[in-house]
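Participant: one predicted model, sequence on top.
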Amino acid sequence: MPPRKIIIDTDPGQDDAVAILLALASPEDIEVLGITAVAGNVPLPLTQKNARIVCELAGKPETKVFAGCDAPMKRKLVTAEHVHGKTGLDGPQMADPTMPLQDQHAVDFIIETLRNEPCGTVTLCPIGPLTNIATAFERAPDIVARVQEIVLMGGAYFEVGNITPTAEFNIYVDPDAAKIVFGAGVPLVVMPLDVTHKALTTRNRIDAFRSMHTKVGDMVAAWTDFFERFDMEKYGSEGAPLHDPCTIAYLIEPQLFEGRHINVEIETESELTLGMTVADWWRVTDRPANAMFIKDVDASGFYALLAARLARL
Ligand code: BDR
Ligand code: CA
């Protein structure tokens, strides 16, 4: 099978960075057509810069990085420096990237790519708020039916929320965009907190990165060390979830994951539950299924895949 063509839509973020590295390390499975940055964990000037830092770290400065929307569709931007640090990629200090940012707007790149590539051959991998994707769908409705699949990180059902008691960060930041994407009718795979909270770092798993003795291995270990402190304190867990790489791992080894094809709706009105992913896990409504909602992962297999692929960089 030829590698799957994807666009990674992202707000790096240490876990976004690991997702990008995993994709760039896996050319036999994945062809990264471009990386589109969006405002999320930190504002857009930082997310587009961080995306380029990660491409350079991977030794792939030829990767195309585009800057997209700098604010949610209808609301003020909410950021997560309390998790990811002031730069979004806190941990060891990184030099500014020298590879260029593309001139084209990320939304235009998404539209143009979907129009130019054969219908049904491009997968979108959003791992930040869904602003760029929903804006592209609104601006160019003809592209919606051309998307092969969307594999996104966002939402929660059993774990409920991480930024509010009832909402996960990526969906909460731009619930209006999420509503458009979940309602678009595109085949959708969702990696909610229910699964990412099972993909926890442990000492051994971080040591596996460090013992690669490579720049990438050291950096991923240092990032996860930094990123961990917040979740360990919050949840009292042994490590921290590497949320975003679950999407890329799914594209490479879908058999590591299990879920249900169910209906998922996005709450956009209630003040208390804004951004909630109302997932009909128990199929108690007759609303039509619109998403493969993942709940379980073989965490050892996931970390083995990560270690094997990152060791190549
Ligand atoms: C999501 O929010 C961000 O902070 C992470 O990068 C991930 O995409 C988890 O809720
Ligand atoms: Ca992210």
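Facilitator: In hand now; what should we look at? Ligands and ions are numbered 1, 2, ... in the order given.
Participant: for Ile7, list the residues it contacts.
Facilitator: Neighbouring residues of Ile7 by Cβ atoms under 8 Å, 6 or more residues apart in numbering: 32-36, 109-110, 113, 122-125. For the C-beta atoms, the positions are set from N, CA and C on the backbone; glycine is no exception.
Participant: would you say it is within a strand?
Facilitator: Yes: Ile7 forms part of a strand when assessed by DSSP: H, G, I helix; E, B strand; the rest coil.
Participant: kindly state the pLDDT recorded for it?
Facilitator: Looking at Ile7, its pLDDT reads 99.
Participant: who's it bridged to?
Facilitator: Beta-bridge partners of Ile7, counted by DSSP bridges, are Gly34, Leu124.
Participant: could you check how far it is from Ala39?
Facilitator: Look at Ile7 and Ala39: by Cβ to Cβ, to the nearest Å, they are 17 Å apart.
Participant: show me which residues of this structure are close to ligand 2?
Facilitator: Residues of the chain lying close to ligand 2 (Cβ under 5 Å from the ion) are 11, 13, 16, 127-128, 244.
Participant: please redo it, this time with the cut-off set to 6 Å
Facilitator: Residues of the chain lying close to ligand 2 (Cβ under 6 Å from the ion) are 11, 13, 16, 41, 127-128, 244.
Participant: which ones among those lie within helices?
Facilitator: Within those, membership in helices is found for Asp16, as judged by DSSP state H.
Participant: quick check: end-to-end length of stretch 86-95?
Facilitator: For stretch 86-95, the separation between the terminal residues is 15 Å (Cα to Cα, to the nearest Å).
Participant: go on, stretch 198-215?
Facilitator: The first-to-last residue distance of stretch 198-215 comes to 27 Å (Cα to Cα).
Participant: which positions within that stretch qualify as buried?
Facilitator: By neighbour count with 16 or more other Cβ atoms under 10 Å, stretch 198-215 contains the buried residues 198-202, 205-206, 208-209, 212.
Participant: check stretch 160-169 too.
Facilitator: 160-164, 166-169.
Participant: helices of the stretch 101-250 of the chain, residue ranges please.
Facilitator: For the stretch 101-250 of the chain, the helices defined by DSSP state H, counting those that start in this stretch occupy 106-116, 131-139, 169-173, 175-182, 193-196, 203-210, 215-235, 245-252.
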